[in-house]
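[1] I'd like to go over a predicted model; first the sequence, then the structure.
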Amino acid sequence: MPLTAVELESVGVRLGSSQILTDISLDVPEGSTLGILGPNGSGKSTLVRAMLGIFPHTGTIRLLGQELPGRSLDWKSIGYAPQRVTSTAGVPATALEVVSSGLLYGNSFRHGKDAKEKAMDSLERVGLAHRAHESVQTFSGGQQQRVMLARSLVRNPSLLFLDEPFSGVDKRSRELITQTLTEKRDQGLTIVVVLHELQDLKPLIDATVVIEHGRVAHFGPAPRVAEGHDHPDHDHDHEHGDDYLPFRTPDLEGGL
Ligand SMILES: Nc1ncnc2c1ncn2[C@@H]1O[C@H](COP(=O)(O)OP(=O)(O)OP(=O)(O)O)[C@@H](O)[C@H]1O
């Protein structure tokens, strides 16, 4: 039986005077991929940040079997790529510098001898090794997202959190990101990923949680999509069979 990489029991998050998340319970078995979906502002990023211990929470969060706040948690086994808009904004750094910063954690502010090699390997994986010494600010949105993915993978984590990895990303970069994640998943990586729609990652997703107004609206196996459902010309104006999960939010329309 697989171990549980992420467990949440009745988790709540309050920021300032607002209750952002309420009574969130879910689990993610090791080696599986959870997609977090929901409308804008529903609390998806807050949920990921709470799982990483960035925001205080009520209830229980366990990562890799350790309850947060996890003094004995092996943080180097955990990778995180935040939403691009908050990640590289305004910081003058090369792709190599950004990726190698992913090797620093806790009180360790020194790179090991093999840091450059690891960072170059990680950039190679996302097809950007040839631009390692260029400023990330000159990169397209998709290339910046690939740099952030390389940064999140450089520690060779066993658990990876990604927040909207396809936001503003061109087709070529989406394909490269999907390919990289598929390879890592096949090697046993557990992935928790916030997505606007399942789209490219659909084959990878084992379960989805849909957050609406800070609560779980659906949690379970990824919806099976009937033949042709993802075709842009598909007519949704008909009855669905029992195998089709009928949850929809305005932002998900057409995306599942
Ligand atoms: N640091 C904060 N302090 C106060 N409120 C916050 C903070 N961060 C987020 N919020 C609020 O929490 C709610 C959920 O935000 P969050 O970013 O988690 O939503 P989201 O589902 O990820 O949205 P999007 O799809 O637009 O990224 C929003 O109303 C937001 O304004």
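    Arrived safely, thanks for sending.
[2] pick out the residue nearest the middle of the protein.
    For the chain, the residue sitting closest to the mean C-alpha position, by Cα atoms, centre = their mean, is Leu162 at 1.9 Å.
[3] isn't that residue right next to Leu189, touching?
    No: the pair Leu162 / Leu189 is not scored as a contact, 11.0 Å apart, by Cβ atoms under 8 Å. The C-beta positions use only the backbone N, C-alpha and C, and glycine is treated the same way.
[4] if we go by neighbour counts, what in the lengthiest helix in the chain is buried?
    Of all segments of type helix in the chain, defined using DSSP state H, the longest is helix 171-186. By neighbour count on 16 or more other Cβ atoms under 10 Å, the buried set for helix 171-186 is Ser173, Arg174, Leu176, Ile177, Thr178, Thr180, Leu181, Lys184, Arg185.
[5] who's in contact with the last one?
    Shown in contact with Arg185 (Cβ atoms under 8 Å, 6 or more residues apart in numbering): Gly31, Thr33, Ile191, Leu204.
[6] what does the third one give?
    By Cβ under 8 Å, 6+ apart, the contact set of Leu176 is Val126, Gly127, Arg146.
[7] measure it to Ser32 for me?
    From Leu176 across to Ser32, the span is 22 Å (Cβ to Cβ, to the nearest Å).
[8] got it, and the first one?
    Distance of Ser173 to Ser32, given as Cβ to Cβ: 24 Å.
[9] before we move on, the earlier item: out of the contacts of Leu176, who's the most crowded?
    Of all these, Arg146 has the most neighbours under the rule other Cβ atoms under 10 Å, reaching 28 neighbours.
[10] let me know the pLDDT of it.
    Per-residue pLDDT puts Arg146 at 88.
[11] and the helix or strand harbouring it, what does it pack against?
    Here Arg146 sits within helix 141-153, counting by DSSP states H and E. Contacts defined by 3 or more Cβ pairs under 8 Å, 6 or more residues apart in numbering; DSSP states H and E place helix 141-153 against strand 78-81, helix 84-87, helix 95-101, helix 115-125, strand 159-163, helix 171-186.
[12] buried residues in stretch 9-26?
    Buried residues in stretch 9-26, defined by neighbour count with 16+ other Cβ under 10 Å: Val11, Gly12, Val13, Ile20, Leu21, Thr22, Ile24, Leu26.
[13] please enumerate residues in contact with that stretch?
    Everything outside stretch 9-26 that qualifies as a contact, by Cβ under 8 Å, 6+ apart, is 6-8, 34, 43, 46-47, 50, 55-61, 209, 211, 214-216, 219.
[14] looking at the helices and strands packed on helix 141-153, which is nearest to Gly142?
    Nearest to Gly142 among those is helix 171-186 (3.1 Å), distances taken as Cβ to Cβ.
[15] could you point out which element follows that closest one?
    Downstream of helix 171-186, the first helix or strand assigned by DSSP H and E is strand 190-194.
[16] what packs against the helix or strand following that next one?
    Tracing the chain past strand 190-194, the next element assigned as helix or strand by DSSP H and E is strand 207-212. If contacts are counted by 3+ Cβ pairs under 8 Å, 6+ apart, strand 207-212 sits against strand 18-29, strand 33-37, strand 215-221.
[17] can you check which of the ones you listed gets nearest to the ligand?
    Nearest of these to the ligand, taken as Cβ to the nearest ligand atom: strand 18-29 at 4.3 Å.
[18] for that closest one, output the C-alpha coordinates as PDB.
    Only the C-alpha atoms of strand 18-29 are listed here, as PDB (Å, rounded to 0.1, in the frame of the first residue of the first chain):
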ATOM      1  CA  SER A  18     -10.800  36.900   6.400                       C
ATOM      2  CA  GLN A  19     -11.300  33.100   6.600                       C
ATOM      3  CA  ILE A  20      -9.700  32.100   3.300                       C
ATOM      4  CA  LEU A  21      -9.900  28.200   3.700                       C
ATOM      5  CA  THR A  22     -12.400  26.200   5.800                       C
ATOM      6  CA  ASP A  23     -12.400  22.500   6.600                       C
ATOM      7  CA  ILE A  24     -10.100  21.200   3.900                       C
ATOM      8  CA  SER A  25      -9.400  17.500   4.100                       C
ATOM      9  CA  LEU A  26      -7.600  15.500   1.500                       C
ATOM     10  CA  ASP A  27      -4.700  13.100   1.000                       C
ATOM     11  CA  VAL A  28      -2.200  12.500  -1.800                       C
ATOM     12  CA  PRO A  29      -0.600   9.000  -2.000                       C
END
